[in-house]
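J.: I need the structure of the sequence given here:
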Amino acid sequence: NELLLTSVIACLSKLVRTLCNYLTPYLPDIIKRTCTLLTHPSSTNDQRLRTMWSHIALHVPHRLLFPILYDVIDKNEFQLNDLEPLMTLLKQSLSIATLDDLSNNYTLLKQLFLKLFTLRNIHTKKMQPN
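T.: As a prediction, this is how the structure comes out:
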């Protein structure tokens, strides 16, 4: 089982590195699955997953990545534990964003951050003892 998972991650990592611009229709699923894998790290796969994650953040155009992230978060198709890798992806992507990227995606980013703050608020309320 671990060998199969390592093989799939290696293949996916190679696909993301070489064909990143052609994977846009599959990115929501890749992001959801990778978030789950990143929250359950394995020593053999962790570095490869983080490298692939960084490649997505740095090489997928912002006009494509921000709407995909918003859709993934808006549909609540992830666990609350997966929020940390999503935020890391967003942080890495925003770190290289130009002013034009930010201004062109301003409303979407505003909605995305409001959604993330709402999820964080819900999560912290669930964690507080009664």
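
J.: Neighbours of Leu69, how many?
T.: 24 (other C-beta atoms under 10 Å). Heads up, the C-betas are built off the backbone N, CA and C, glycines and all.

J.: which SS class is it?
T.: At Leu69, secondary structure determined by DSSP: H, G, I helix; E, B strand; the rest coil is helix.

J.: what helices or strands is the host helix or strand of His55 leaning on?
T.: Using DSSP states H and E, His55 falls within helix 46-59. Secondary structure elements in contact with helix 46-59, counted by 3 or more C-beta pairs under 8 Å, 6 or more residues apart in numbering; DSSP states H and E, are helix 2-19, helix 27-39, helix 83-95.

J.: CA-only coordinates of that helix, as CSV, when you get a sec.
T.: Output in CSV follows, covering the C-alpha atoms of helix 46-59 (Å, rounded to 0.1, in the frame of the first residue of the first chain):
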residue,chain,number,x,y,z
ASP,A,46,6.5,14.5,2.6
GLN,A,47,9.3,16.2,0.7
ARG,A,48,8.0,15.3,-2.7
LEU,A,49,4.5,16.5,-1.8
ARG,A,50,5.8,19.8,-0.5
THR,A,51,7.9,20.3,-3.6
MET,A,52,4.8,19.7,-5.8
TRP,A,53,2.8,22.0,-3.6
SER,A,54,5.3,24.8,-4.0
HIS,A,55,5.4,24.2,-7.8
ILE,A,56,1.6,24.6,-8.0
ALA,A,57,1.8,27.8,-5.9
LEU,A,58,4.6,29.3,-7.9
HIS,A,59,3.8,28.2,-11.5
